[in-house]
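> Sharing a sequence plus its predicted fold:
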Amino acid sequence: AQSVTQLGSHVSVSEGALVLLRCNYSSSVPPYLFWYVQYPNQGLQLLLKYTTRATLVKGINGFEAEFKKSETSFHLTKPSAHMSDAAEYFCAVSDRRGSQGNLIFGKGTKLSVKP
Amino acid sequence: NAGVMQNPRHLVRRRGQEARLRCSPMKGHSHVYWYRQLPEEGLKFMVYLQKENIIDESGMPKERFSAEFPKEGPSILRIQQVVRGDSAAYFCASSPPSAGSDTQYFGPGTRLTVL
């Protein structure tokens, strides 16, 4: 069965510093992987997704993630944090049974950005 | 092109009442997913529907919860005889017919509070 682990429920960085949010997955099939961002009292917005093509995936707002099969990881990074990046970030794996399936989410990482 | 719409955004019910949550998918989308987010938790899959069909309800509690996606109109998540433990944010997502769960687009959620 697929599962997702996000290491660190809270991460705090200074404005302009590197952002690194960790995600490890387990999957019995080649996974589809996603990062979503959730701002307070809002729904989830897709940041980026990996669907077995390029292992380095670029998303919106300057974020990117690299799929590393050997480490079963899909960590999210951004070179320089901005105050507007403060939000909660969720990593998810697609439970692909056939061509359809639901998403399995990690517990989320809250990112704080200090001025 | 309107996104996924959910209403109401906030719903307050007393124990024992019924809660009805509505979800209108994006135009052209025929797949709808419901997720529940408990405080300090990630999203948990509940049910996956296509028009007039429940495809996967493996995440739905066995009692009091039901979902439908009629030929016309929004998808409805219905919770009968609500209890305090049902208090959560309920998110709907939709995807187009060909993409499966490659990309799910989320609505803003309905925050249910049970008094």
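Nice, I can see it.
> quick one, what contacts A:F74?
Taking CB atoms under 8 Å, 6 or more residues apart in numbering or on different chains as the criterion, A:F74 is in contact with A:23-25, A:33, A:35, A:50, A:65-68, A:91. The C-beta positions use only the backbone N, C-alpha and C, and glycine is treated the same way.
> Near chain A, which residues of chain B? Just list them.
B:4, B:6, B:31, B:33, B:35, B:40-45, B:48, B:55-56, B:59, B:91, B:93, B:100-109, B:111 (CB under 8 Å from any CB of the partner chain).
> and these, which of them are in strands?
If you go by DSSP state E, the residues of chain B next to chain A have B:6, B:31, B:33, B:35, B:43-45, B:48, B:55-56, B:91, B:93, B:105-106, B:111 in strands.
> Just the buried ones from those residues?
B:6, B:31, B:33, B:35, B:43, B:45, B:48, B:56, B:91, B:93, B:105-106, B:111 (16 or more other CB atoms under 10 Å in any protein chain shown).
> State the pair within those that is farthest apart.
B:D56 and B:R111 (24.6 Å; CB to CB).
> Can you name every helix or strand that the helix or strand of chain A with the lowest mean pLDDT contacts?
The helix or strand of chain A with the poorest confidence is strand A:103-105; it has a mean of 88 (mean pLDDT, DSSP states H and E). If you count contacts as 3 or more CB pairs under 8 Å, 6 or more residues apart in numbering or on different chains; DSSP states H and E, strand A:103-105 packs onto strand A:3-5, strand A:87-94, strand B:31-37, strand B:43-50.
> can the ones you listed go into a markdown table with extra columns for distance to B:L77 and mean pLDDT?
Output for the helices and strands packed on strand A:103-105, formatted as a markdown table (distance: least, CB to CB, whole Å; pLDDT from 0 to 100):
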| stretch | distance to B:L77 | mean pLDDT |
| --- | --- | --- |
| strand A:3-5 | 24 | 91 |
| strand A:87-94 | 20 | 92 |
| strand B:31-37 | 5 | 93 |
| strand B:43-50 | 8 | 92 |
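> before we move on, the earlier item: selecting buried members of the contacts of A:F74 in ChimeraX, what would you type?
Of these, the buried ones can be selected in ChimeraX as follows, counting by 16+ other CB under 10 Å:
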select /A:23,24,25,33,35,50,65,67,91
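> Closest to chain B out of the contacts of A:F74?
Using CB to the nearest CB, A:C91 comes nearest to chain B of the contacts of A:F74, at 8.8 Å.
> Could you give the bridge partners of residue 89?
Went with chain A since none was named. A:Y89 has the following beta-bridge partners by DSSP bridges: A:V37, A:T109.
> I was after chain B.
Residues in beta-bridge contact with B:A89 (DSSP bridges): B:Q37, B:R111.
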